[in-house]
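> let's see this in three dimensions:
(one chain, ligands or ions: 1)
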Amino acid sequence: MVVSIYNTLTREKEEFRPIEEGKVRMYVCGPTVYNYIHIGNARPAVVFDTVRRYLEYKGYDVNYVLNFTDVDDKIINRANELGEDVFAVSDRYIDAYLEDVSKLGVKKATHNPRVTNTMQEIIAFIGSLIEKGYAYEAGGDVYFKPRAFEGYGKLSHQSIDELRSGARIQIGEKKEDPLDFALWKGAKEGEISWDSPWGKGRPGWHIECSAMAKKYLGETIDIHAGGQDLTFPHHENEIAQSEANNGKTFANYWMHNGYININNEKMSKSLGNFVLTRELLEQHDPNVIRFFMLSVHYRNPINFSEDLLESAKNSLDRVITAYQNLGHRKSSSTNLDKDQHHWTEKINILKQRFEAEMDDDFNTANAISVLFDLTKEANVYLNGTHTSESIIALFQETMKSFLEILGVNLQSEKELLDEEIESLIEERNEARKSRNFTRADEIRDLLKEKNIILEDTAQGVRWKRG
Ligand SMILES: [Zn+2]
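Below you'll find the predicted structure:
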């Protein structure tokens, strides 16, 4: 089945057809690194990592680029406040970002470009836009002229006149039209700056993504993604810059994730009701936070509350417990061929349903309910009298692949309890006595995986945690 993606540009679900067969060029707008991230910033990280994981599951090779805005007004202000230099601040919060999202199971990006490492490409891009008549210099600043670009407003579905009526010229800005936006900002006294043909300064925010996408992914990319709040002006401006400069479609599919509300109120810094990802990670299992975020379709708003997190925890516990129980029951008797066929078919249908939900614009909410159905079936199977190794393995494999697509980390499963270890050792002794060495080895490997060391002594087998 072909994946379909809701494209903000056309406001329709479209079949995903990559530019290059088997490959995906994907760009996600990353954070401005001046503070720890709140859960509103963690949501796109988790959502688009899941998109990537699913595309990889479908066999695509995904080139995943996520940028860091490591120089900007907020970072400069923060550095001044703390009496540090800009690099000390941005390095610290890039590390913190990567630490937080990796706990949430987000895979490393293929590339994590930074503004300060892409300066030459950014300056060249701006120079080219001036040359082509889309941008102009004004007293050390450079501005882009949206009026010169036909199609401005197409992503946010607004006409240029509507957009113009909402725009203002701020004090100190040297632009000709309220809608013009800065590509380059001349340096203020004592501010961090780079040399350019227009004097010392630094880039505006939007140009970095156009320059980075081109550098790492080419002039036309497959998927461009980010939070819904980036649609306008950020992504609209990226389209204008890239398409004006390259004369080609910038991105074929635009994906945007919804907001996070806290106890039914919009999360915002001014309301003071924001939750830092870092603090949440101290109180909750990262798997639960991730599972909770994926329990709602990515385009819908998600309401955050401790109660909802608790219910996500209970649901995930049921799934993980069933998965572990499958692991503890690898063999018993073999069941009848008729049953074998029945269960294989049942599991395969669930697998197809899971894929159909993910194919449908990455509907993780529905895919998770298929995972719950699979869990129920696994429990029914385990409670039956006859079980076969191959059906247990198929349940395990299927459940594992669903959890891997959702990014739930099975490594962080709970440790084995003492009595579980002892009953496994007992089972291993029995297996050896009855010369079932396959099972005995399986148990030894399982315990080894859990870091349990076995010692054969004259008094029998002793164990300790490694
Ligand atoms: Zn961007």
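> burial measure for the residue nearest to residue 208 when sequence neighbours are not counted, as a count.
Sequence neighbours aside, residue 115 is the residue nearest to residue 208 in space, at 4.9 Å (criterion: CB to CB, 6 or more residues apart in numbering). All C-beta atoms are positioned from the backbone trio N, CA, C, and that covers glycine. By other CB atoms under 10 Å, 25 other residues sit near residue 115.
> likewise for residue 81?
Neighbour count for residue 81, taken as other CB under 10 Å: 10.
> may I ask which helix or strand encompasses it?
helix 73-82 (DSSP states H and E).
> next, the buried residues of whichever helix or strand comes after that helix.
Downstream of helix 73-82, the first helix or strand assigned by DSSP H and E is helix 86-103. Under the neighbour-count criterion of 16 or more other CB atoms under 10 Å, helix 86-103 has 86, 89, 90, 92, 93, 94, 96, 97, 100, 101, 103 buried.
> now do the phi/psi pair for the residue nearest to residue 208.
Here is the backbone geometry of residue 115 (degrees, to the nearest 10): phi -60, psi -50.
> and if you look at residue 453?
Torsion angles, degrees, to the nearest 10, at residue 453: phi -100, psi 130.
> assign a three-state SS to the residue in the stretch 351-466 of the chain that the ion sits nearest to, would you?
Relative to the ion, the nearest point of the stretch 351-466 of the chain is residue 362 (20.4 Å; CB to the ion). Using DSSP: H, G, I helix; E, B strand; the rest coil, the structure places residue 362 in coil.
> is it true that it touches residue 54?
Yes. Residue 362 lies in contact with residue 54 (CB atoms under 8 Å); the separation is 6.2 Å.
> show me which of those two is the more surrounded one.
residue 362 (26 against 21).
> now the more buried one: closest residue in space that isn't a chain neighbour?
residue 51 (5.4 Å).
> and the next helix or strand past the helix or strand harbouring the one you found?
Per DSSP H and E, residue 51 falls inside helix 39-57. Downstream of helix 39-57, the first helix or strand assigned by DSSP H and E is strand 61-66.
> what about residue 25, helix or strand, and which?
Going by DSSP H and E, residue 25 is part of strand 23-28.
> tell me the angle that strand makes with strand 61-66.
Interaxial angle of strand 23-28 relative to strand 61-66 (axes from the mean of the first three to the mean of the last three CA atoms, to 10 degrees): 10 degrees.
> strand 23-28 - what's its average pLDDT?
In this model, strand 23-28 carries a mean pLDDT of 98.
> then that strand to CSV, C-alphas only?
Output of strand 23-28 as CSV, limited to C-alpha atoms (Å, rounded to 0.1, in the frame of the first residue of the first chain):
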residue,chain,number,x,y,z
LYS,A,23,14.6,7.6,-1.1
VAL,A,24,13.0,10.3,1.0
ARG,A,25,14.4,13.8,1.4
MET,A,26,12.9,15.2,4.6
TYR,A,27,13.4,18.5,6.4
VAL,A,28,12.1,19.4,9.8
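> give the buried residues for it.
Under the neighbour-count criterion of 16+ other CB under 10 Å, strand 23-28 has 24, 25, 26, 27, 28 buried.
> next one: the first one from the ion, what distance?
What that stands for is residue 24. Per CB to the ion, to the nearest Å, residue 24 is found 18 Å from the ion.
> what's across from that residue in the sheet?
On the basis of DSSP bridges, residue 24 is bridged to residue 62.
> CA-only coordinates of the helix holding residue 51 in PDB, if you can.
The C-alpha trace of helix 39-57 is given here as PDB (Å, rounded to 0.1, in the frame of the first residue of the first chain):
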ATOM      1  CA  ILE A  39       6.500  19.600  25.500                       C
ATOM      2  CA  GLY A  40       5.200  21.700  22.700                       C
ATOM      3  CA  ASN A  41       8.700  21.400  21.100                       C
ATOM      4  CA  ALA A  42       8.900  17.700  21.900                       C
ATOM      5  CA  ARG A  43       5.800  16.900  20.000                       C
ATOM      6  CA  PRO A  44       7.100  17.600  16.400                       C
ATOM      7  CA  ALA A  45      10.300  15.700  17.400                       C
ATOM      8  CA  VAL A  46       8.300  12.600  18.300                       C
ATOM      9  CA  VAL A  47       5.700  12.900  15.600                       C
ATOM     10  CA  PHE A  48       8.100  13.400  12.700                       C
ATOM     11  CA  ASP A  49      10.500  10.700  14.100                       C
ATOM     12  CA  THR A  50       7.500   8.300  13.900                       C
ATOM     13  CA  VAL A  51       6.900   9.400  10.300                       C
ATOM     14  CA  ARG A  52      10.500   8.700   9.500                       C
ATOM     15  CA  ARG A  53      10.400   5.300  11.300                       C
ATOM     16  CA  TYR A  54       7.400   4.300   9.400                       C
ATOM     17  CA  LEU A  55       8.900   5.300   6.000                       C
ATOM     18  CA  GLU A  56      12.000   3.300   6.900                       C
ATOM     19  CA  TYR A  57       9.800   0.400   7.800                       C
END
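> okay, the angle between that helix and helix 86-103?
Using the same axes, to 10 degrees: helix 39-57 against helix 86-103 is 60 degrees.
> average pLDDT across helix 39-57?
Rounded mean pLDDT across helix 39-57 is 97.
> go on, stretch 5-15?
98.
> list the buried residues for it?
Buried residues in stretch 5-15 (16+ other CB under 10 Å): 5, 6, 7, 8, 9, 14.
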